Every structure is written in C-alpha cells, then in structure tokens.
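Engineer: Requesting a structural model of the entry that follows:
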Amino acid sequence: MGGLIARQRSARLEVCVLAVTDGDAAYDPDGDEDLANVRRVEQDSAVAHLGLAAPIVRLGLPDGKVPEYEASLIDSIRHHIDQDCLVVAPWRKDCHPDHEAVGRAARAAAVAEGATLVSSMFWAWHYRSVKSLDSVDVLELPMSPEERADKRTAIECHHSQFDSWNGSDPILNDELLTPALWPSEYFIAEHD
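Structural biologist: This next block holds a predicted model:
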C-alpha cells in the first residue's frame, strides 16, 4: 500500500502506520531480536521514503501469534481511529494467520468506530484463485510514475526479506513481489 501512503502524504493528509509485529519470527518461529531491530529500521526507512514523518506506532505483538491477541488488537486499532479515518489493513482472507487476524481486528474496529475500511492483499495474489475475488468489490488505485518509484524504493528498504538471514533462504523473491510492482494498487472494499 506504499502508493496509497505516498498519495495521501502528497495531499498532506495525516497517515498513521501501525506495526502490529516486528516480524522477528520470519526465519525463526521463536523470534530473533536482532532481526526485529533490523526490521524496525527497515520499516522506518521505507515509510520515510513515502513521505511519512511521524514515527510508526509499534504494537509489539508476537510475530506468528497475532490471532491469540485479536481482542486486544481491536482495542489498539480503535484507539488510533475515528469515523473520519480510512483504515487500510490486510485482507481477512490473505492466506497468512497474522494478516488474517489483523484484517478481522481492523474490520471490527472500523465497524465500532464508523470508519471506512479497505483491505490489501499480499499472499492472496499467490494462493487464492482470481475467482475468489468475484464476490468482493475490488478498487483500483492507478499510481503515477513518481508514486511507483517511491513505492519501489520503500520496498527495497526491506533487505532482510530479500537477502539470506543467518543462512536461511530469503522470504521474498521477484515472483512474490510482482503484484507489489504493478502500476496500480488494488484494495477490497469492505462492507458491513
């Protein structure tokens, strides 16, 4: 959703990024504090490239265990939104337990506060069929060349995802990133 963040910031709209986890269990299910530190720096650098000056709000939930904290996550999200907000969160069907839990929590928080919610997809592009999108409203955000360049630069900040970490294979490769580099971003309009 880097293009959307860049667009909002260029329009001088306030953007608040909530980092639910630090991604420390990406290579080790028990977590890796060194990786968490690297991931935080990468995230800060990425959002700075998108024009975000405010610090990322870090919730610090355990990576890989977000479903266990879904109720408290709803409260955390509600604390940062109101009825005038556009909330963007992973889709409730994004084929990753943490993403799906965040999507459910964001939906519950948005409904409770009367905010507008749209969902983004990452893993769904790779693991769901196109037919699974037939029953949802997909919104397209065409990006300008500048927004695409800003988004690419932000993505490239995440070296720990593209390079080997302590001998492990990288999490992301060119194939997995293809949808993130399309000329448009796509969101699912969430309705009650």
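Engineer: does Ile188 sit in a helix or strand, and which one?
Structural biologist: Ile188 is part of strand 184-189, with elements assigned from DSSP states H and E.
Engineer: got it, and Ala6?
Structural biologist: Per DSSP H and E: helix 2-10 holds Ala6.
Engineer: continuing past that helix, what's the next helix or strand?
Structural biologist: strand 18-19.
Engineer: who does that following strand touch, helix- and strand-wise?
Structural biologist: Packing partners of strand 18-19 (3 or more C-beta pairs under 8 Å, 6 or more residues apart in numbering; DSSP states H and E): strand 57-58. Every residue, glycine included, has its C-beta placed from N, CA and C.
Engineer: The strand it packs on - which strands sit beside it in the sheet, and in what orientation?
Structural biologist: strand 18-19 (parallel) (DSSP bridges).
Engineer: Now find how far off-centre the strand it pairs with is within its chain.
Structural biologist: With C-alpha atoms, centre = their mean, to the nearest Å as the basis, strand 18-19 stands 8 Å off its chain's centre.
Engineer: Low-confidence stretches in this structure?
Structural biologist: By pLDDT under 70, the low-scoring segments of the chain are 192.
Engineer: farthest residue from the center of it?
Structural biologist: Gly167 (26.0 Å; C-alpha atoms, centre = their mean).
Engineer: can you give me the helices in this structure?
Structural biologist: Secondary structure of the chain (DSSP state H): helices at 2-10, 33-49, 70-79, 97-113, 124-127, 145-156, 159-162, 174-177.
Engineer: picking that back up, contact partners of the helix holding Ala6?
Structural biologist: 15, 17, 46-47, 50-52, 88, 141, 143, 146-148, 150-151, 154-155, 180, 184-185, 187 (C-beta atoms under 8 Å, 6 or more residues apart in numbering).
Engineer: what do you get for stretch 101-118?
Structural biologist: Under the contact criterion C-beta under 8 Å, 6+ apart, stretch 101-118 has outside partners 20, 66-67, 69-70, 73-75, 77-78, 81-94, 119, 139, 187-190, 192.
Engineer: Buried ones from those residues, can you make that a PyMOL selection?
Structural biologist: In PyMOL, this line selects whichever of the contacts of stretch 101-118 come out buried by 16 or more other C-beta atoms under 10 Å:
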select buried, resi 20+66+69+73+74+77+78+81+85+87+88+89+90+91+92+93+94+119+187+188+190
